[in-house]
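# Below are the sequence and a predicted model; questions follow.
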Amino acid sequence: MAQRHLSVSDAARRLNLSPQRIRALIASGDLPAERVGARYVLDSNAIGVFLQRERFGGRPLSSGNAWAVLAELSDRDGVVPVSRRSRYRLQELIQAGGDQLVRALGAAEPRAHEERWRVLPADLAELQRNSKIVLSGLAANDPSINVRHQVERDGLEGYVSREAVLALDRRLQPENDSSRPNLILKVPHGGSWILDEESAPPAVVAADLLNHVDPRVRRSARDSLTRAAHGH
């Protein structure tokens, strides 16, 4: 008998996606799920429906191309090498802006490997001042997002190098792969330029919030990306 109720990990294997992508699809409403305690449970029928429809037209943006779009929107031209043909297509996407840009970035391949940790509250204040973490999401406190960050509620999110992750893991001894993370560390795929920033630019912040659980945050992120595209 086929398994009817699936965990996030089960659904990820069934759809050949990462667990992070499954959580994002749940947050955006594209994959129905029920919250049981601290975990999500998905119905196998919903997985079948998802497989039968083409939710996003065309092939998803690769992580490198998504980073190239965000670099362009952040006035960091040329930091992500792409072919002339790809650059032309990505510029067309930026010029289209609006829903097309938001959908493309929301459906892109994961731009980073995520470590989802639970750490002691006392460690979060110190981590906010850690220069090796490029804060993003709500933790960036970007004025283009109209929901203010509260560390006790939202935790921290940011980009780091693989070496920094290993060092923090040894020092903090976190609870790894937590279902209630208060620290999300992202090691970028093809977007190492972000690690040279003091904090994530508005376009990156917005892209990181497109699949947030709070609809107010999602709306604000979409509006921010649309404004960034209009500026180019």
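Yep, that arrived. Residues are numbered from 1 along each chain as shown.

# Buried ones in stretch 107-127, by neighbour count?
When burial is assessed from 16 or more other CB atoms under 10 Å, stretch 107-127 yields the following buried residues: 107-112, 114-119, 123-124, 127. Just so you know, the C-beta spots here come from the backbone N, C-alpha and C atoms, and that holds for glycine as well.

# Give me the contact list for that stretch.
Residues from elsewhere that reach stretch 107-127, judged by CB atoms under 8 Å, 6 or more residues apart in numbering: 18, 20-21, 55-56, 60-63, 65-67, 133, 151-152, 155-156, 159, 165, 168-169, 172, 174-178, 180-191, 207.

# and residue 76, what is it in contact with?
By CB under 8 Å, 6+ apart, the residues touching residue 76 are 193, 201.

# Just give me the residue closest to the centre of this structure.
With distances taken as CA atoms, centre = their mean, residue 208 lies nearest the centre of the chain, 3.9 Å away.

# Need the per-residue pLDDT for it.
The predicted structure scores residue 208 at 95 on the pLDDT scale.

# cool, residue 59 as well?
pLDDT, residue 59: 67.

# do residue 173 as well
pLDDT recorded at residue 173 is 93.

# Show the contacting residues for it.
Residues near residue 173 by CB under 8 Å, 6+ apart: none.

# ok, now residue 190?
So residue 190 contacts 62, 63, 64, 67, 80, 111 (CB under 8 Å, 6+ apart).

# State the distance from the last one to residue 82.
Computed with CB to CB, to the nearest Å, the distance linking residue 111 and residue 82 is 14 Å.

# show me where pLDDT drops low in the chain?
Counting by pLDDT under 70, the ranges of the chain that qualify are 1-4, 28-29, 49-59.

# Strands - which of the buried residues of stretch 107-127 land there?
112, 114, 115, 116, 117 (DSSP state E).

# Include secondary structure and distance to residue 73 when you put the contacts of residue 190 into TSV, please.
Below are the contacts of residue 190 laid out as TSV (DSSP: H, G, I helix; E, B strand; the rest coil; distance: CB to CB, whole Å):
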residue	secondary structure	distance to residue 73
62	coil	17
63	helix	16
64	helix	15
67	helix	11
80	coil	12
111	coil	13
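
# what about stretch 25-33, how long is it end to end?
Start-to-end span of stretch 25-33 (CA to CA, to the nearest Å) is 10 Å.

# buried set for it?
For stretch 25-33, the neighbour count (16+ other CB under 10 Å) marks 25, 26, 27, 28, 30, 31, 33 as buried.

# From the rest of the structure, what touches that stretch?
For stretch 25-33, contacts defined as CB under 8 Å, 6+ apart pick out 8, 11, 17, 22, 40-43, 46-47, 50, 55, 106, 210-213, 218.

# now these: which count as buried?
Among those, those classed as buried by neighbour count (16+ other CB under 10 Å) are 8, 11, 17, 22, 40-43, 47, 50, 106, 210-212, 218.
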